[in-house]
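Visitor: the following comprises the amino acid sequence and a computationally predicted model.
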Amino acid sequence: MVIATALYRGSHLVAGGVVVAQHQRDRLFPWLALSAAIASTALIWFMAARHRRLVPWVVGLDVLVIGCLLPFGAYAWGGARTQESVAWVMLLGGSASAMAAVAFGARLLAVAVALLVATHLAGYLMVEADAAVTGAHLNALVFSAVVSWVLTWYLCRQGEQVDSANRRALAAEAQRARFAERVAHHNALHDTVLATLTAIARGGVDANTSMMRERCAREAAYLRRLVEQADDREPASEVRAALEESVRAAEALGLRVTARYHELPAVPGEIALAMARATTEALNNVRCHAGTGHAFLTAVGDSGRLIVTVVDRGRGFDTGSAGPEGAGGPGGPDDAGGAAGPRASDGAAGPRASDGAAGPGVSGGSAGPVGPVRQATGGIGLDRSVYARMRGVGGRAFVDSALGEGVRVELRWPG
């Protein structure tokens with residue numbers, strides 16, 4: 001409606017300019033009156049562009065000056081003594097009435113229209129205009145306001161209905177997502193925890209064997225993550241779901257994984273997939289080479305950056321023997337001095353962590369760099385499945401290890 005009333009006023013200004021240029025160009029006041037109308041209109045639309053709506057006090061000023069006072073000025077100083085000579089000034093009252101209908105409430109609009117009708121009736125009586133001309137003009141004056149008010153009400157009502165429909169659609173989509181997540185959890189519980197408990201209850205397996213204890217430990221870890229996810233007030237994220245798939249895949253192969261998530265940022269699907277696949281390779285390395293059956297995974301958000309850390313307390317390796325220091329990772333030598341975060345043996349997530357916490361900064365939400373890191377190259381798994389994969393999506397991978405101190409793999413996006 002702001003644009004519609006602008007075009008309405010513009011048509012009246014064009015008509016007024018044509019009349020003044022053709023029939024009143026020798027008089028000063030018509031030019032001053034036209035300039036005042038243009039200036040008032042420019043002020044209205046400047047304030048409307050600034051506030052993204054018609055500002056009531058500016059529209060009220062236009063109604064008083066352009067709509068009500070200008071006709072009397074044209075009569076007194078502009079030589080407008082006939083209905084033809086004063087018609088273009090009267091025309092501006094119609095657009096003033098339309099703008100008032102958009103900017104004002106019902107009561108103030110009624111006052112503005114009544115004031116316009118009274119002053120324009122007086123103006124036409126002063127020039128002794130025909131009754132038909134006066135009646136037609138007053139009718140146009142009133143219905144300019146009525147039509148603008150009805151259109152404004154209708155558009156606002158339609159906007160509210162669209163907003164309400166969008167809210168209902170979002171709520172329905174969230175409910176469907178929660179239902180799908182619940183079904184996925186039910187299926188996972190049926191295939192893991194329930195199957196194990198049923199087998200033990202029927203006496204078909206010995207619950208005291210090491211294999212059964214390991215299976216129970218893995219499923220207890222899964223239940224713990226499930227409870228933590230249910231208690232977490234953060235919305236479910238695509239990257240969390242992808243990382244959970246990696247954890248479950250590693251657990252299915254016999255690796256126990258302690259996972260923690262904190263303030264994960266929203267990332268594109270291809271980024272979540274790349275991070276999950278690189279994490280899978282890191283967990284596979286723990287299972288195959290670390291000499292331990294337990295890994296720690298931490299995923300945190302840090303100022304829009306996603307940081308995933310995989311740590312084990314296994315045998316570790318000498319990074320110098322795996323490749324030149326600072327040359328194996330995607331970041332180059334400059335990143336070896338602290339870009340990859342703490343060493344595996346320095347923080348709570350490292351191989352020497354005594355409390356079993358899964359990664360740096362979970363409790364505090366911080367994953368910033370605190371110490372030097374060596375970047376090492378590994379075999380095909382590290383080069384292709386970790387380093388190359390992270391480089392392919394604009395991220396970086398860092399590996400820190402020492403003999404007897406386990407391995408720490410850190411994945412960052414963006415790098």
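Guide: Everything's here; your move. Numbering: from 1, shown residues only.
Visitor: residue 155 falls within a helix, correct?
Guide: Yes. Judged by DSSP: H, G, I helix; E, B strand; the rest coil, residue 155 forms part of a helix.
Visitor: what residues are up against it?
Guide: Taking C-beta atoms under 8 Å, 6 or more residues apart in numbering as the contact definition, residue 155 lies against residue 1. Every C-beta, even on glycine, is put in place using the N, C-alpha and C of the backbone.
Visitor: give me that answer again for 10 Å
Guide: Contacts here follow C-beta atoms under 10 Å, 6 or more residues apart in numbering; on that basis residue 155 touches 1, 4.
Visitor: endpoint to endpoint, stretch 400-409 covers what distance?
Guide: 6 Å (C-alpha to C-alpha, to the nearest Å).
Visitor: what's the mean pLDDT across it?
Guide: On average, the pLDDT along stretch 400-409 is 90.
Visitor: also stretch 32-41?
Guide: pLDDT averaged over stretch 32-41 gives 93.
Visitor: show me what counts as buried in that stretch.
Guide: 33, 34, 36, 37, 40, 41 (16 or more other C-beta atoms under 10 Å).
Visitor: of these, closest to residue 388?
Guide: Among the buried residues of stretch 32-41, residue 41 lies closest to residue 388 (C-beta to C-beta), at 62.4 Å.
Visitor: circling back to that earlier point, relative to residue 10, which of the buried residues of stretch 32-41 is nearest.
Guide: Looking across these and measuring by C-beta to C-beta, the closest to residue 10 is residue 41, at 7.8 Å.
Visitor: what is the nearest of the buried residues of stretch 32-41 to residue 171?
Guide: For those, the residue nearest residue 171 by C-beta to C-beta is residue 41; the value is 43.8 Å.
Visitor: so that closest one, which state does it fall into?
Guide: Applying three-state DSSP: residue 41 is helix.
Visitor: next: residue 99.
Guide: Applying three-state DSSP: residue 99 is helix.
Visitor: that one: neighbouring residues, count only.
Guide: 32 (other C-beta atoms under 10 Å).
Visitor: repeat for the one 10 residues further on
Guide: Using other C-beta under 10 Å, the number of residues around residue 109 comes to 19.
Visitor: would you agree it is in contact with residue 150?
Guide: No. The pair residue 109 / residue 150 is not scored as a contact, 11.9 Å apart, by C-beta atoms under 10 Å.
Visitor: residue 249: neighbour count?
Guide: Residue 249: 16 neighbours (other C-beta under 10 Å).
Visitor: okay, and it sits in which element?
Guide: helix 238-252 (DSSP states H and E).
Visitor: same question for residue 297.
Guide: Residue 297 belongs to strand 294-302, assigned by DSSP H and E.
Visitor: joint contacts of residue 109 and residue 150?
Guide: Common neighbours of residue 109 and residue 150, counting by C-beta under 10 Å, 6+ apart, are residue 101.
Visitor: okay, now the sheet partners of the following helix or strand past the helix holding residue 249, with direction.
Guide: Downstream of helix 238-252, the next assigned helix or strand under DSSP H and E is strand 256-262. Sheet partners assigned to strand 256-262 using DSSP bridges are listed as strand 294-302 (parallel).
Visitor: quick one, strands of this protein?
Guide: 256-262, 294-302, 305-312, 396-401, 407-413 (DSSP state E).
Visitor: packing partners for the fourth one?
Guide: Right, the one you point to is strand 396-401. Applying 3 or more C-beta pairs under 10 Å, 6 or more residues apart in numbering; DSSP states H and E, one finds that strand 396-401 contacts helix 269-289, strand 305-312, helix 319-322, helix 388-392, strand 407-413.
Visitor: mean confidence for the third one?
Guide: Averaging the model's pLDDT scores along helix 319-322 yields 58.
Visitor: and the longest one, by the same measure?
Guide: The predicted model assigns helix 269-289 a mean pLDDT of 89.
Visitor: and if you look at the second one?
Guide: For strand 305-312, the per-residue pLDDT values average out at 93.
Visitor: next, the buried residues of stretch 74-91.
Guide: Result for stretch 74-91 [16+ other C-beta under 10 Å]: buried residues 74, 75, 78, 80, 83, 85, 86, 87, 88, 89, 90, 91.
Visitor: give me the distance between the two termini of that stretch.
Guide: Rule used - C-alpha to C-alpha; the end-to-end distance of stretch 74-91 is 13 Å.
Visitor: output the below-cut-off pLDDT ranges for this protein.
Guide: 228-236, 320-381 (pLDDT under 70).
Visitor: list the buried residues of stretch 43-53.
Guide: Result for stretch 43-53 [16+ other C-beta under 10 Å]: buried residues 44, 45, 48.
Visitor: from the residues you listed, which land in helices?
Guide: 44, 45, 48 (DSSP state H).
Visitor: may I see the buried residues of stretch 74-91 arranged in TSV, with distance to residue 141 as well?
Guide: Shown next, in TSV, are these (distance: C-beta to C-beta, whole Å):
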residue	distance to residue 141
74	17
75	18
78	20
80	18
83	15
85	19
86	14
87	13
88	15
89	13
90	8
91	10
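Visitor: which one of the residues you listed sits closest to residue 101?
Guide: Using C-beta to C-beta, residue 91 is the member of those that sits closest to residue 101, with 16.8 Å.
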